[in-house]
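Student: Got a sequence here, can you build the structure:
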Amino acid sequence: MPYYSASAGLAVATNAAPSVFYPLTDHNRQPITMDNEVIEKVNRMADGTMRKFVVARKRKVNVSWSQLVSGTEKPYYPVKGSTPASSAWGGTTMTADGYKGGAWIKSFYEQNVFTPIKLRVTHSGDDYTQNAASAFYPSPNTAGETFDCYITSFSYDIIKRYTLTDLVDIKMEFTEI
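Tutor: Next up, the predicted model:
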C-alpha cells in the first residue's frame with residue numbers, strides 16, 4: 001500500500017464537466033491509501049496444477065479526514081464602518097489550504113453517490129492552475145493519476161459542534177470502474 005505525502009492531494013470532477021476538477025482539502029487529511037483489487041478466477045486442475053485467469057485489476061483509494069471544519073465559507077461578519085463589497089465582510093475559505101471542506105464533500109457525495117465521477121490523485125510536484133471559480137485545471141503532463149470511479153463508501157461523523165461550524169470526521173472510498 002503506497003502512501004503519498006501531505007503535499008499529495010485529491011481532486012474530483014463530475015462527468016458533466018470532466019475537465020473541471022475541484023480539489024479536496026488537505027487540512028487534517030490522513031495519508032491517501034491506494035490499493036489494487038484483482039478480479040480473477042482460479043481453478044485447480046485434475047493433475048494438481050492451478051490455472052489463474054485475471055479479468056481485471058481495479059484501484060481503490062481510501063481517504064479520511066479527522067476534525068475537519070465542516071463549513072467551506074466563513075460567515076459574513078461586517079467590520080464596523082465597512083461595506084458589503086469590502087474584503088472585511090469575510091467570504092474567504094475556512095480550511096487551512098483554501099480547498100473544499102467537509103460540508104462541500106458531503107454535498108458532492110450526496111449528489112454523485114450513484115453516478116460515476118472522475119478522481120485525480122496528485123503527487124508531489126504536480127502542477128495546477130486556478131481559475132476565478134476556484135476550479136483547478138491540470139497543467140500538461142503533470143496531472144497525477146486520473147480515473148473514473150464510484151464513491152463506494154462514505155461516513156460523516158460530527159465530532160464537535162460550534163456556533164459557526166462543526167468539526168467532522170470523514171471517511172471515503174473510491175473504486176475504479
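Student: Could you name the helices and strands sitting against the longest strand seen in the chain?
Tutor: When the chain is parsed with DSSP state E, its longest strand is strand 50-69. For strand 50-69, the elements it packs on are strand 33-44, helix 102-112, strand 145-161, strand 166-176, judged by 3 or more CB pairs under 8 Å, 6 or more residues apart in numbering; DSSP states H and E. Every C-beta, even on glycine, is put in place using the N, C-alpha and C of the backbone.
Student: could you say what helices and strands the second one packs with?
Tutor: The helices and strands touching helix 102-112, judged by 3+ CB pairs under 8 Å, 6+ apart, are strand 50-69, strand 145-161, strand 166-176.
Student: got the buried residues for it?
Tutor: Of the residues in helix 102-112, 102-105, 108-109, 112 count as buried by neighbour count, 16 or more other CB atoms under 10 Å.
Student: what's the most distant pair in the residues you listed?
Tutor: Greatest spacing in the buried residues of helix 102-112, by CB to CB: 102 and 112 (16.1 Å).
Student: number of nearby residues for residue 64?
Tutor: 17 (other CB atoms under 10 Å).
Student: so how far is residue 158 from it?
Tutor: 15 Å (CB to CB, to the nearest Å).
Student: and what of residue 174?
Tutor: For residue 174, the distance to residue 158 (CB to CB) stands at 23 Å.
Student: More neighbours: which of these two?
Tutor: Ranked by neighbour count (other CB under 10 Å), residue 174 and residue 158 place residue 174 first, with 23 against 11.
Student: what's across from the more buried one in the sheet?
Tutor: With DSSP bridges applied, residue 174 shows beta-bridge pairing to residue 61, residue 151.
Student: cool, and residue 24?
Tutor: residue 100.
Student: what's the distance between it and residue 112?
Tutor: Distance from residue 24 to residue 112, by CB to CB: 13 Å.
Student: what does residue 66 give?
Tutor: 23 Å.
Student: What of residue 28?
Tutor: 23 Å.
Student: pLDDT (mean, whole number) over stretch 149-158?
Tutor: In this model, stretch 149-158 has an average pLDDT of 96.
Student: what's in contact with that stretch?
Tutor: Contacts to stretch 149-158, defined as CB atoms under 8 Å, 6 or more residues apart in numbering, come from residues 59-61, 70, 102, 106, 109, 112-114, 116-119, 166-177.
Student: Now do the contacts for residue 69.
Tutor: So residue 69 contacts 27, 94-95, 101-102, 165-167 (CB under 8 Å, 6+ apart).
Student: and if you look at residue 109?
Tutor: 151, 154, 156, 172.
Student: Next: residue 41.
Tutor: Here residue 41 is in contact with 52-53, 55 (criterion: CB under 8 Å, 6+ apart).
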